[in-house]
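Colleague: pasting a predicted model and its sequence here:
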Amino acid sequence: MPKVAVLPGDGIGQEIVPEAIRVLQAVLTDSSLRLEFKEYPVGGAAIDRAGRALPAETLAACQEADAVLLGAVGGPKWDTLPAPERPETAALLGLRKALGLYANIRPVRMLPALADASALKREVVQNTDLVVLRELTGGLYFGEKGRKQNPPAAYDLMIYTEEEVERIVRLAFETARLRRKKLCSVDKANVLETSRFWREVTLRVAAAYPEVELTHMYVDNAAMQLVRDPEQFDVLVTENMFGDILTDLASMLSGSIGMMASASLNGKKGLYEPAHGSAPDIAGKNLANPLATILSGALMLRYSFAREKEAQAIEQAVSKVLDAGYRTGDLAKPGDKVLGTKEMGDAVLAALNS
Ligand code: NAI
Ligand code: MG
C-alpha cells in the first residue's frame, strides 16, 4: 500500500492537517487507491521531543514514503535558536534537499466567491486559474558564489544543465496537457545565455506535446502581465529566482494565504503543504482555515498518485462550500456563515458527498 508520511508540525499545523486527512480518506472510499497515513514529529515539536527539528526517523520515513503531507513549522518559542537549528531551516530546507525536490508548483485559482478579497480589482482577477512551476534546485541560488579583491566584488553564477531544464519543462507540459493546454515559458533570453539554452531545451521537449500551445515571455513582461491580465495564463514555467519572485507575486492575486496550496516534486514523489506558516497568533483555537492544506491534499492525488478525478472532486467540494457562503474567520465578511477549522472540514466532507 502506498505510504504518506504525515508531518503536522507546529501551531495550526496540528489542526489543519487532520482535516486534510479526513477529506483524503473520504474521497478515496470508493477508489481502488488505498493510502497508509502515518504521523511523524517535525519542527519545534520535534525539537522539544527529540532535540532536532528533523529527527532521523522522520527523515527516513519521508524518504521511504510515496508522498509527504506537511502542516507548518516554527513559532516564537524556537526563534532564538541559531539559524541552522531552527525549525524552518533544519526541517523545511533539510527535507527539500534530502528528497531532491526540484519542482515547486503553486496553483493560483480565484474562486468567484472570493474575488473581492484580492488585492486587485474583481474584473481583473475573477477568472484567474493558473499554475506556476518554479525550478527549485538550480540556477543562481546554487551556482558557484564568491568574493574577489582589488577591487572588492562578489559573484553568483547562474548555471543550468540540460537535464535540470528538461525535467521541469516536461512536468510543465504534462500539467498543461491536463488543463487548458497553454504553456508560457518565462525567461530573459534577450540577455541571458542560460535563458537562450532554456528556450532551446523547451522547444525540443515541445515536439512531444503538439497539443499544447507554447509561448515564451520575458520575465519583466511576465511580472507586468500577471498583474494586468492574469486570466491570459494557464501554466507558467520558469527558473529558480524568476519563479521565487513570480510565485509570491501570483499568490497575491487570490484572496487569502489560507487558500494557497503547494507541491514540491521529485518525479512522482512530492511534499505537499500550504503556503502559509504556523500562525501562532490563532493556534489552538479552532480558527485556522484548513482549505490550503485540503487543496494540497488534492495536489497530492494529482501529482503523486495520478488521481485527477479525485483531485478535482476535492477542488470542486471546496468551491461549493465557498459558493454556499461558508468562510473561516480569515475570509469572512459581514453576512458570511463563519466556521471553525473542524466545521470547515465537515462542510467540505458534506460537499464531497452531495
Ligand atoms: P503565517 O503564515 O504563519 O501567518 C501570517 C498571518 O496569516 C497571521 O496573521 C496568521 O494568523 C494568518 N494565517 C496564516 N495561515 C492561516 C490560516 N490557515 N488560516 C487563517 N489565518 C492564517 O506567517 P508568520 O506569522 O510570518 O509566521 C509564523 C511562523 O510560521 C514563523 O515561525 C514562521 O517562521 C513560520 N513559517 C513557516 C512556514 C512553513 O512551515 N512552510 C512558512 C512561513 C512561515
Ligand atoms: Mg519567496
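Modeller: Received the coordinates, thanks. Ligands and ions are numbered 1, 2, ... in the order given.
Colleague: when you work out contacts or count neighbours from here on, use the C-alpha atoms and nothing else.
Modeller: Will do.
Colleague: near ligand 1, which residues of the stretch 1-150 of the chain?
Modeller: Where the stretch 1-150 of the chain comes near ligand 1, counting by C-alpha under 6 Å from any ligand atom, the residues are Ala72, Val73, Gly74, Gly75, Pro76, Glu88.
Colleague: if we use 5 Å, what do you get?
Modeller: For the stretch 1-150 of the chain, the residues found near ligand 1 under the criterion C-alpha under 5 Å from any ligand atom are Ala72, Val73, Gly74, Gly75.
Colleague: which residues touch Arg307?
Modeller: Listed by C-alpha atoms under 8 Å, 6 or more residues apart in numbering, the contact set of Arg307 reads Leu301.
Colleague: quick one, grab the pLDDT at it.
Modeller: On the pLDDT scale, Arg307 is placed at 95.
Colleague: that one and ligand 1, how far apart?
Modeller: Distance of Arg307 to ligand 1, computed by C-alpha to the nearest ligand atom, to the nearest Å: 25 Å.
Colleague: what do you get for Leu183?
Modeller: Distance from Leu183 to ligand 1, by C-alpha to the nearest ligand atom: 27 Å.
Colleague: hang on, that residue is in a helix, isn't it?
Modeller: No: remark: Leu183 does not belong to a helix; assigned using DSSP: H, G, I helix; E, B strand; the rest coil, it is strand.
Colleague: got a list of what it touches?
Modeller: The neighbours of Leu183, taking C-alpha under 8 Å, 6+ apart as the test, are Ala172, Phe173, Ala176, Val212, Glu213, Leu214, Thr215, Phe233, Asp234, Val235, Leu236, Val237.
Colleague: 10 Å - rerun?
Modeller: Leu183 sits next to 131, 169, 172-177, 206, 212-216, 233-237 when contact means C-alpha atoms under 10 Å, 6 or more residues apart in numbering.
Colleague: how about Ala154, secondary structure?
Modeller: Ala154 ends up strand, using three-state DSSP.
Colleague: what parts of the stretch 201-350 of the chain come near ligand 1?
Modeller: Gly258, His276, Gly277, Ser278, Ala279, Ala288, Asn289, Asp330.
Colleague: neighbour count for those - can I get that in JSON lines?
Modeller: Converted to JSON lines, these look like this (neighbours: other C-alpha atoms under 10 Å):
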{"residue": "Gly258", "neighbour count": "19"}
{"residue": "His276", "neighbour count": "19"}
{"residue": "Gly277", "neighbour count": "19"}
{"residue": "Ser278", "neighbour count": "22"}
{"residue": "Ala279", "neighbour count": "17"}
{"residue": "Ala288", "neighbour count": "26"}
{"residue": "Asn289", "neighbour count": "26"}
{"residue": "Asp330", "neighbour count": "15"}
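Colleague: of these, which belong to helices?
Modeller: Among these, no member is found in helices (DSSP state H).
Colleague: with pLDDT as added columns, please give those residues in a markdown table.
Modeller: Supplementary listing: these in a markdown table, determined by pLDDT from 0 to 100:
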| residue | pLDDT |
| --- | --- |
| Gly258 | 84 |
| His276 | 92 |
| Gly277 | 94 |
| Ser278 | 97 |
| Ala279 | 96 |
| Ala288 | 97 |
| Asn289 | 96 |
| Asp330 | 89 |
